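Student: coords please:
(one chain, ligands or ions: 1)
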Amino acid sequence: MPAMLPDFSLRARNSFGFEVLAEQAYSITDAEQIGAVMEAIESAGLPWRVLGGGSNVVLPPTLSGATLLMDIAGQAISQQDECGTVVSVGAGVNWHDFVIWTLDQSLPGLENLALIPGTVGAAPIQNIGAYGVEVGGNIQSIEAYDCHSKTMVTLPASECAFTYRNSIFKAHPKRYIITRVHFYLPAAWSPRLRYADLAAAFANRHAPTAEEVMVAVCKIRNHKLPDPKLIGNAGSFFQNPIVENAQYLALLKQFPELVSYPEGDEREGKRKLAAGWMIDHCGLKGKRDGAVGVYQHQALVLVNHGGGNADSVLALAKTIQDKVQDTFGVALLIEPIRY
Ligand SMILES: Cc1cc2nc3c(=O)[nH]c(=O)nc-3n(C[C@H](O)[C@H](O)[C@H](O)COP(=O)(O)OP(=O)(O)OC[C@H]3O[C@@H](n4cnc5c(N)ncnc54)[C@H](O)[C@@H]3O)c2cc1C
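Tutor: Numbering: from 1, shown residues only. As a prediction, the model looks like this:
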């Protein structure tokens, strides 16, 4: 069993950069450690949670009980044939480093998801997505500690219920602790340039390589999103709301400039609205409220200018949610997990 780390600072392990102390932390470097740690936590009756890189959480100043820091390393090709490759990766591996590694191995497929902060083990939780690609589409199976059966299990992707920013893991947060993810990268590859920014980057050019797509994605992201090392944030603070087509058309009449995207199969009659555009339309882009604020270049991102905390950012989020609800009649859901 790993050593218990008392009063462990998570200041460097939450991308908002809030001052956070974990009463007890355990660095999990091997799946086999989890059973004993969970037994100790349960017999002491402690609250607990799992943390990856801390880039999709809003943490309070003190995290009571135990915090499992997922630090399982290692990535390797586990199967390969002419159709595709299976890559097995430890939950603690940095996501972007892993994407770069796949490209170094001439295994394209994840390049649209480059530069998303956090760990491989957290990627399936909200089915990370960017530039028209969601990670669930490349997951073959997931190894996890099942807190119900107290055993290691392997879940095929078909049992993970991946949808937009959601999965079985997000729906049942205390059930599975992900230890390893198996990705399937098909040998047949073509660039996915559906998103306008990406399509524009390669307009009037030959079809790009996966490396070129990755570089373009990094460039676009660096331009649009604040680097958490420089200014604390958790990426998009709100999900893009999905509404029925009838509601979308009614809104479009009232707000002809409303930005939206097709959602899933067109026949389902749903539309994804751009939450950032709605917040901007309410005049809140760049709004500052003490130590926290709405990022001046991207209204979907809330930032910590320094000295902010969970209460201040959640109070700002509530102001935004109320204003968007009053203006558009649409509820904005908070994306990061709150503790
Ligand atoms: C600048 C910025 C840009 C971002 N851009 C995007 C984007 O484009 N698309 C996108 O989808 N997200 C984006 N995000 C959000 C974030 O990067 C992802 O959600 C990422 O997967 C979180 O990884 P993490 O390791 O930091 O997870 P954490 O923040 O540590 O944890 C998130 C949740 O997952 C749980 N969890 C973590 N690891 C495990 C595990 N091994 N087993 C079980 N549960 C676990 C935690 O308990 C918590 O509930 C962005 C964030 C930032 C700061």
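Student: so which strand or helix has the residue in the stretch 151-300 of the chain positioned nearest to the ligand?
Tutor: Minimum separation of the stretch 151-300 of the chain from the ligand (CB to the nearest ligand atom) falls at Gly235, amounting to 2.5 Å. Just so you know, the C-beta spots here come from the backbone N, C-alpha and C atoms, and that holds for glycine as well. Per DSSP states H and E, Gly235 falls inside strand 232-236.
Student: give me phi/psi at Ile178?
Tutor: phi -70, psi 130 (degrees, to the nearest 10).
Student: so what's the residue nearest to Ser190 when sequence neighbours are not counted scoring on pLDDT?
Tutor: Spatial nearest neighbour of Ser190, excluding adjacent residues (CB to CB, 6 or more residues apart in numbering): Ala207 at 7.3 Å. Confidence at Ala207, expressed as pLDDT, is 88.
Student: Work out the gap between stretch 321-335 and the centre of the chain.
Tutor: Centroid separation for stretch 321-335 versus its chain: 21 Å, with CA atoms, centre = their mean, to the nearest Å.
Student: swap in stretch 202-213?
Tutor: Distance, centroid of stretch 202-213 to centroid of chain: 26 Å (CA atoms, centre = their mean).
Student: Check what pLDDT the closest residue to Gly90 other than its chain neighbours gets.
Tutor: Closest residue to Gly90 apart from its sequence neighbours, by CB to CB, 6+ apart: Ile72 at 3.8 Å. Note on Ile72: pLDDT of 98.
Student: Compute the distance between Ile72 and Ser88, please.
Tutor: As judged by CB to CB, to the nearest Å, Ile72 and Ser88 stand 11 Å apart.
Student: more crowded one of the two?
Tutor: Ile72 (23 against 17; other CB atoms under 10 Å).
Student: residues contacting the more buried one?
Tutor: Listed by CB atoms under 8 Å, 6 or more residues apart in numbering, the contact partners of Ile72 are Ile28, Thr29, Asp30, Ala31, Gly90, Ala91, Gly92, Val93, Gly121, Thr179, Arg180.
Student: so how many other residues sit close to the fourth one?
Tutor: It refers to Ala31. By other CB under 10 Å, the residues close to Ala31 number 18.
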